[in-house]
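Asks: pasting the structure only:
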């Protein structure tokens, strides 16, 4: 299995909407680090698993959409707690709108909200 990983970083804000969230219920910022890992058993005609330009386009779009925003106010989080786990799923769905390489059979999205905590969403594509 081949794998290629790319990443980007940005600062965004959120507040948790769960019962008794403590300080996490107040608006606060995270310096998010987003890692995308594309996997597949075959390479394309140029020996790539994914076109890095497509991956960079997806990353730039993500950073532009979420940088300095309040996640709770975005439609993709309407009705959801904007946890780092939910954020990983949202990023997964947005990336798949940009990357259409047939060699990619799995995508893993890992989001670090600080140096110690991360969540991932993995699925076949």
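Replies: Yep, that arrived. Keep in mind the model is a prediction, meaning the values are calculated, not measured. Residues are numbered from 1 along each chain as shown.
Asks: the spatially most central residue of the chain sits in which helix or strand?
Replies: Using CA atoms, centre = their mean, the residue of the chain that lies closest to the mean C-alpha position is residue 91, 3.5 Å off. Counting by DSSP states H and E, the element that carries residue 91 is helix 84-98.
Asks: ok, how many other residues are close to residue 49?
Replies: Neighbour count for residue 49, taken as other CB atoms under 10 Å: 22. C-beta here means a position set from N, CA and C on the backbone, and glycine is covered the same way.
Asks: for it, which non-adjacent residue is closest in space?
Replies: residue 2 (4.5 Å; CB to CB, 6 or more residues apart in numbering).
Asks: what is that neighbour paired to in the beta sheet?
Replies: Counting by DSSP bridges, residue 2 forms beta bridges with residue 40.
Asks: look at it and say how many residues are nearby.
Replies: Per other CB under 10 Å, the neighbour tally for residue 2 reads 16.
Asks: tell me the contacts of it?
Replies: Taking CB atoms under 8 Å, 6 or more residues apart in numbering as the criterion, residue 2 is in contact with 39, 40, 41, 42, 43, 49, 103.
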